[in-house]
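In: 3D, please:
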Amino acid sequence: MAEVLNITSLRQKLLKIVDELPCSGNVIITKDYKPVALLKCMPDKGDGRLPALLVLGAKKCPDDSAVESIKVINAVSGKNYSKVIFVYGAPTKKFCQLFNAADLRTVYNKKNNLPIITSLKCGITALSKSDKYFVVVFLSQPQNAGTLRLMSRAAVSGCGEIIILRKRNEPIHPIAFSAKYKTILIKTRKELGIPHIIKKFNKEIRYVDI
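Out: Now for the predicted structure:
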């Protein structure tokens, strides 16, 4: 079943329509008496085994760093991550087309002048219900393939904690969060940021030495 709505009508009751999508079927959107788009319920087919990879890249980034980051992500994402979520800003929108993940979700952060946690909150909105973990990396800080595979394995074996890599006894990027921290991160004030979460939940951190 599909209900047909003019785009003007849709704007007036969009929230109600979205809430009813799972049981009411699809919605065909028309403009100027022609169908132009389809609004449908998004199925969650994942089993949550593999983590999501959340790439923060809203701030301006050197082209060579961005290209290198994406090259490595493309090489490992298919077998190690359920999806790639790229948070971009106006200066980095051009890099969206370089990702080749089977499930690529891009999120625009128009407030890229604000602290990093603002981009993290944007990325969290693109996670699926089945995602049990998400690994956070920065577009401007290329990772090697081995590190991204290691983080995936650590997340697969995770038990609801925060996972941080450690080299020579010093914490390094990337970092992985259990999905249970989604709401906590979203509610964290921008001036506090990720360090506040790390400090507050320091007893729930599992360090992985490399």
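In: packing partners of the longest strand along the chain?
Out: Counting by DSSP state E, the longest strand found in the chain is strand 170-178. Here strand 170-178 touches strand 133-138, helix 145-156, strand 162-167, going by 3 or more CB pairs under 8 Å, 6 or more residues apart in numbering; DSSP states H and E. Any C-beta I mention is one placed from the backbone N, CA and C, and that applies to glycine too.
In: just the buried residues of it, please?
Out: 174-178 (16 or more other CB atoms under 10 Å).
In: so who does the nearest residue to residue 1 once chain neighbours are set aside touch?
Out: The shortest distance from residue 1 to any non-neighbouring residue, by CB to CB, 6 or more residues apart in numbering, is to residue 25 (3.7 Å). Listed by CB atoms under 8 Å, 6 or more residues apart in numbering, the contact set of residue 25 reads 1-3.
In: mind putting the helices and strands packed on strand 170-178 into TSV with distance to residue 86, mean pLDDT and mean neighbour count?
Out: Shown next, in TSV, are the helices and strands packed on strand 170-178 (distance: least, CB to CB, whole Å; pLDDT from 0 to 100; neighbours: other CB atoms under 10 Å):
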stretch	distance to residue 86	mean pLDDT	mean neighbour count
strand 133-138	10	97	24
helix 145-156	15	96	18
strand 162-167	21	94	18
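In: identify whichever of those lies nearest to residue 191.
Out: Nearest to residue 191, of all the helices and strands packed on strand 170-178, is strand 133-138, at 19.0 Å by CB to CB.
In: what is the least confident helix or strand in the chain?
Out: One helix or strand of the chain scores below all others by mean pLDDT, DSSP states H and E: helix 14-24, with a mean of 73.
In: buried set for that one?
Out: Buried residues in helix 14-24 (16+ other CB under 10 Å): residue 17.
In: helices or strands up against the next helix or strand after it?
Out: Per DSSP states H and E, the first helix or strand lying C-terminal to helix 14-24 is strand 26-31. With contacts taken as 3+ CB pairs under 8 Å, 6+ apart, strand 26-31 sits against strand 2-6, helix 7-12, strand 34-39.
In: quick one, domains of the protein?
Out: 2-39, 52-209 (automatic domain parsing).
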